[in-house]
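**Q** Give me a model of this one.
(chains A and B)
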Amino acid sequence: MSKKEKLLYPFYVISHPFDGFYEVRHRGKGSVSLALLLIFLFGLSFSLNRRYAGFVVNLINPRHVDSRAEIIGIFLAVILFATANWSITCLMEGEGRFKDIITVIGYSMLPMVIVFVPATFISRFIASDEESIYYLIISLSIIYFVILLLIGIMVIHNFGFGKTLGTLLLTFVALLLIIFIILLLLSLINQVWLFLQSVYTELIMRG
Amino acid sequence: MKRNRIWLIPIILLMLCINVETAIAHANVPYHTYNYDYWEDIYYTPAAYVPNGNISGTKIDIGILNSPQDIFVGEDERVYIADTGNNRIVVLDKNMKLERIIDSFDNEGSLDTFKAPSGIYVTERNELYIADTDNLRVIALNEDGSLLKIISNPKSEVLANDFIFAPLKITVDYADRAYIIAKNMFQGIMAFDENGEFTGFTGTINVTITAYEKIWRKLSTKAQRERQIQFIPTEFTGVDISPDGFVYATNIDGGGEQSIRRLNPKGQDVIKKGRGGLSGDLTWRLAGHYSGASRIVDIVYRDNGIYSVVDKTRGRIFTYDHEGNLLYIFGGMGSQEGTFKNPVAIEEKGEEILVLDSYRGEILRFLPTQYGRLINEAVSLRFDGDEASAVNVWKQVLELDSNFELAYVGIGKSYLAAGDNKKAMEYLKLGMDREYYSIAYKRYRDDILKDNLSYILTGAMVLIVVLSLRSVINKKMGRRVVEDE
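**A** Model prediction:
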């Protein structure tokens, strides 16, 4: 597969999700780096939308927009979700590999990447009674993303629809567990660190 | 070298002078003066009011005021102080000099005195209403000190038999109806007619129980329920009345949402709320010194829909306009001049604001600065509907405080009315008024479209012609290609 084909493949995927994701899983047509790029681009367009959407529809305090934090946050969320999903589907005979899950998430974000920037542009030319157009295209792209994600997870793991929903529910539980363990770990490390610190102060005070 | 130094001396002197000047211009006040912007973030403003000395009992040679609870400024600018601990009413004249002390009155032939009078109101005809709390009555005196009437021991089916009527605060409307806040009365403000008969409650605050509390109460046993705190409405703390007969009342709201009410004659709350609610500070510390929501203890209705309230938690005075917009904030706790220990009452005398501090036994006086005066003026002009002349005042306000959103909205609206849509958009955006911005933008966009309609239509025509020509040519070329083959 040529480079150009690979670059254009996400567009094929979003128009033919079942076939597209099947080939991602079984014929190696996906690319993790391209997926990561798409996730990055989504983070960027999300941030751009928050910062530059027109005054009438922009309800976000510009002082609180921090593109770097938002992009990193989106990456963390994607990695968390992928990890949780992978650990659940592994146990439930899902066929997808970790990189497939990342690819699915990244490629599914393409509609949002495409829509957010033009929507932001349009939002600068609308008045308050026309804002429903803006919200419509934004929410359509998000709904499309969710549908693509569902289909993608379903296809790469070779699940039925019900099983996909079930695993997604479990994924959510796993997500909470992971966050809980991370917080626990952090607080434990903090305790150990404090202990070492107090030992150190004790020692130099004695010396 | 020497010559240089000689030149330096006047320059240094000049710089010193300039420093002093700016210090005066900034009016060093002993408190923070700030306001909340659209995003409910704090920004600092110039001081709207500055301390202007105080009046204590010793200053007017009547001994120390003993935990006074209320003040009132009459129509003729006389100041009445309810000197609660000393069981007397102190009357000051226009110039804040002692005029007389009322500590007794002639009650149908016998001399009668007060016991802890804690509320006072004076009508236009200079009739003096005194909430004589520990004597469980309200006394109304004529201007010459003779007894007008006594309101006590109200009888009604809606009142519990063991209810003890201990009036705290009082206000009287133009028709001599009295509105009284009584101790331990949670049903609302008690209204009395001109003969002193109890007519009912006004402004009852409904208790709201959250779903969580409901579930929790369902789950607990009867014994547990009895030991839980009761859900009772909050008591009113202060009351005032506007000339058109609307009662302004304050209550303590622990959630910090609504502490101010404007009651119409039917007793319904008809106050207009601005963006941030009506309860003083929008953000506060959760623990430690000066923590918790503002506890609004008294209100004064000023002219043109403006009203000020005083907060006991942090000693701040908040001023709102008739639409519930927060205009300015000043005041604070402390022991410096111009700060409070325990503010209990607020009044307006001329352009001065008077705050009574019961712990200090002093009236603290505040004078408006240029900034405060301009805001008052602009808001008054807008209240009268004269938005056009308000614009110039708003512009002056912006020179002193370029963050004042209300001023931008005021100017923006007048530009909109004048048809300058572009300017209107600019100002309304700075004032964070989406609704009017949208109107201005729509007009602006229509104008641009109208002006350029000929170009747009020509462009569209050209495009259509080119496209159709291209398809015609393509067809012919295609045919030729086919023919060639």
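**Q** and stretch B:78-87, C-alpha only, in PDB?
**A** Extracted in PDB, the C-alpha atoms of stretch B:78-87 (Å, rounded to 0.1, in the frame of the first residue of the first chain):
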ATOM      1  CA  ARG B  78     -32.400  64.000  60.300                       C
ATOM      2  CA  VAL B  79     -30.600  60.900  61.600                       C
ATOM      3  CA  TYR B  80     -32.400  58.700  64.100                       C
ATOM      4  CA  ILE B  81     -30.300  56.100  66.000                       C
ATOM      5  CA  ALA B  82     -31.900  53.300  68.000                       C
ATOM      6  CA  ASP B  83     -29.500  53.100  70.900                       C
ATOM      7  CA  THR B  84     -30.700  49.700  72.000                       C
ATOM      8  CA  GLY B  85     -28.500  49.100  75.000                       C
ATOM      9  CA  ASN B  86     -29.200  52.500  76.500                       C
ATOM     10  CA  ASN B  87     -33.000  52.200  75.800                       C
END
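**Q** nearest residue to whichever residue of the stretch 201-350 of chain B sits closest to chain A other than its sequence neighbours?
**A** The nearest approach of the stretch 201-350 of chain B to chain A comes at residue B:275, 12.7 Å away (Cβ to the nearest Cβ). For the C-beta atoms, the positions are set from N, CA and C on the backbone; glycine is no exception. The shortest distance from residue B:275 to any non-neighbouring residue, by Cβ to Cβ, 6 or more residues apart in numbering or on different chains, is to residue B:38 (7.0 Å).
**Q** Return the per-residue confidence for residue 159.
**A** I went with chain A, as the question did not name one. Here, the pLDDT recorded for residue A:159 equals 92.
**Q** I was after chain B.
**A** For residue B:159, pLDDT reads 87.
**Q** Checking it next. Helix, strand or coil?
**A** Classification of residue B:159 by DSSP: H, G, I helix; E, B strand; the rest coil places it in coil.
**Q** That one: what's it in contact with?
**A** residue B:198 (Cβ atoms under 8 Å, 6 or more residues apart in numbering or on different chains).
**Q** any idea how far it lies from residue B:171?
**A** 20 Å (Cβ to Cβ, to the nearest Å).
**Q** which residues of chain A score low on pLDDT?
**A** A:1, A:207 (pLDDT under 70).
**Q** all helices of chain A, in order?
**A** Along chain A, the segments classed as helices by DSSP state H run A:3-15, A:17-26, A:32-52, A:67-91, A:98-108, A:110-123, A:131-157, A:161-206.
**Q** Would you tell me which of those gets closest to chain B?
**A** helix A:131-157 (8.7 Å).
**Q** For residue 108, which non-adjacent residue is spatially closest?
**A** Just going to use chain A. residue A:148 (3.8 Å).
**Q** that's the other chain; I wanted chain B
**A** Nearest to residue B:108 is residue B:147, by Cβ to Cβ, 6+ apart, at 7.2 Å.
**Q** Remind me which helix or strand that neighbour belongs to.
**A** strand B:147-152 (DSSP states H and E).
**Q** Contact residues of chain B facing chain A?
**A** Applying Cβ under 8 Å from any Cβ of the partner chain, we find that chain B lies next to chain A at B:39, B:41, B:429, B:434-435, B:437-439, B:441-442, B:445.
**Q** now these in a markdown table, with secondary structure and pLDDT?
**A** Shown next, in a markdown table, are these (DSSP: H, G, I helix; E, B strand; the rest coil; pLDDT from 0 to 100):
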| residue | secondary structure | pLDDT |
| --- | --- | --- |
| B:39 | coil | 91 |
| B:41 | coil | 91 |
| B:429 | helix | 94 |
| B:434 | helix | 91 |
| B:435 | helix | 91 |
| B:437 | helix | 94 |
| B:438 | helix | 93 |
| B:439 | helix | 94 |
| B:441 | helix | 94 |
| B:442 | helix | 93 |
| B:445 | helix | 92 |
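**Q** Buried only: go through those residues for me.
**A** For these, a neighbour count by 16 or more other Cβ atoms under 10 Å in any protein chain shown gives the buried set as B:429, B:434, B:437-439, B:441-442.
**Q** check contacts around whichever residue of the stretch 301-450 of chain B sits closest to chain A.
**A** As assessed by Cβ to the nearest Cβ, chain A sits closest to residue B:438 within the stretch 301-450 of chain B, at 3.7 Å. Listed by Cβ under 8 Å, 6+ apart, the contact partners of residue B:438 are A:56, A:127-129.
**Q** now the closest residue to residue A:45 other than its chain neighbours: how far from residue A:137?
**A** Setting aside the residues directly before and after it, residue A:45 is nearest to residue A:116 in space (Cβ to Cβ, 6+ apart), at 3.8 Å. Going from residue A:116 to residue A:137 by Cβ to Cβ gives 9 Å.
**Q** more neighbours, those two?
**A** Neighbours per residue, other Cβ atoms under 10 Å in any protein chain shown: of residue A:116 and residue A:137, the larger number sits with residue A:116, 25 against 16.
**Q** For that one, give me its contacts.
**A** Contacts of residue A:116 by Cβ under 8 Å, 6+ apart are A:42, A:45-46, A:48-49, A:138, A:141.
**Q** how much space between residue A:87 and residue B:214?
**A** Relative to residue B:214, residue A:87 is positioned 40 Å away (Cβ to Cβ).
**Q** ok, now which ones touch the residue of chain A found nearest chain B?
**A** Evaluated by Cβ to the nearest Cβ, chain A has residue A:128 as its residue closest to chain B, separated by 3.7 Å. By Cβ under 8 Å, 6+ apart, residue A:128 lies in contact with A:56, B:434-435, B:438.
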